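S.K.: Kindly return the folded structure for what I paste below:
(chains A and B)
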Amino acid sequence: AQTVTQSQPEMSVQEAETVTLSCTYDTSESDYYLFWYKQPPSRQMILVIRQEAYKQQNATENRFSVNFQKAAKSFSLKISDSQLGDAAMYFCAAGVYANSGYALNFGKGTSLLVTP
Amino acid sequence: GAVVSQHPSWVICKSGTSVKIECRSLDFQATTMFWYRQFPKQSLMLMATSNEGSKATYEQGVEKDKFLINHASLTLSTLTVTSAHPEDSSFYICSAFLAGGRVTDTQYFGPGTRLTVL
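M.R.: Just a heads-up that it's a prediction; the model follows:
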């Protein structure tokens, strides 16, 4: 079983600044994926970024990047040049890779507030 | 990108009735779909894994006789909440898995269904 922990219930960032959301996980699996999802008020889950555990290079997607520390089982999300539209609930998730898909275990989420 | 729809988007029912929620992958075939449950201001909890043509696999603590899952085709999975009670009120989210190999396979989420049981 995998567990995902997000220790920051709420975070605040000023527009155009940078913010880092923390996530730690625990797993006994060797082949797994890690994800950050964004859930705006509409409740639609939006994939922000994904990281394959076998890759050492940190994933990046435009203004979003991760700091993946496999030994420490840490997977933080950095949002650069924050925009008002980034305000949402952010969930960290882990899934064991399988050809038929990967069921996800989610953390409790971090509510991100972006101030003008 | 790929689209997953859910119907209905919200439903209100009386206690004791059954409610069916549909999850469809609109432009791709999904051999595997997942059902999650999200209580207000809480995280998503995996309920079950649905595979086309076979019985669903339920997570520990999820009553399979209460939450019936049918994956009738490669584009449709249904979740039926039987004899619903107020404690079943929640936000139900499905996701569909688009296989494409390790690099590109992706899980797409539906917009969710809000169930309120009176």
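S.K.: Surely B:Ser89 is in contact with B:Pro40?
M.R.: No. Using C-beta atoms under 8 Å, B:Ser89 and B:Pro40 do not qualify as a contacting pair, with a distance of 9.3 Å. C-betas here are computed from N, CA, C, even on glycine.
S.K.: The two: who's more crowded?
M.R.: B:Ser89 (17 against 7; other C-beta atoms under 10 Å in any protein chain shown).
S.K.: dump the residue contacts of the more buried one.
M.R.: B:Leu115, B:Thr116, B:Val117 (C-beta atoms under 8 Å, 6 or more residues apart in numbering or on different chains).
S.K.: Return the distance of it relative to chain A.
M.R.: 15 Å (C-beta to the nearest C-beta, to the nearest Å).
S.K.: what bridges to B:Arg24?
M.R.: Counting by DSSP bridges, B:Arg24 is bridged to B:Ser5, B:Leu76.
S.K.: Give the helix, strand or coil label for the spatially most central residue of chain A.
M.R.: By C-alpha atoms, centre = their mean, chain A has its centre lying nearest to A:Trp36, at 2.7 Å. Assigned by DSSP: H, G, I helix; E, B strand; the rest coil, the conformation of A:Trp36 is strand.
S.K.: So what's the residue count around A:Ser74?
M.R.: Neighbour tally, A:Ser74, other C-beta under 10 Å: 15.
S.K.: circling back: what's the pLDDT at the residue nearest to the centre of chain A?
M.R.: Here, the pLDDT recorded for A:Trp36 equals 97.
S.K.: residues in contact with the closest residue to chain B within chain A?
M.R.: Nearest to chain B, among the residues of chain A, is A:Gly101, at 3.3 Å (C-beta to the nearest C-beta). By C-beta under 8 Å, 6+ apart, the contact set of A:Gly101 is B:Thr31, B:Thr32, B:Phe34, B:Thr49, B:Phe97, B:Ala99, B:Asp105, B:Gln107.
S.K.: Near chain A, which residues of chain B are found?
M.R.: Residues of chain B lying near chain A by C-beta under 8 Å from any C-beta of the partner chain: B:31-32, B:34, B:36, B:38, B:42-46, B:49, B:51, B:91, B:93, B:95, B:97, B:99, B:102, B:105-107, B:109, B:111-112.
S.K.: From those residues, list just the buried residues.
M.R.: When the residues of chain B next to chain A are checked for burial by 16 or more other C-beta atoms under 10 Å in any protein chain shown, the buried set is B:31-32, B:34, B:36, B:38, B:43-46, B:49, B:51, B:91, B:93, B:95, B:97, B:99, B:105-107, B:109, B:111-112.
S.K.: Beta-bridge partners for residue 91, please?
M.R.: By default, I'm working from chain A. A:Phe91 has these beta-bridge partners by DSSP bridges: A:Tyr37.
S.K.: that's the other chain; I wanted chain B
M.R.: Beta-bridge partners of B:Phe91, as defined by DSSP bridges: B:Gln38, B:Arg114.
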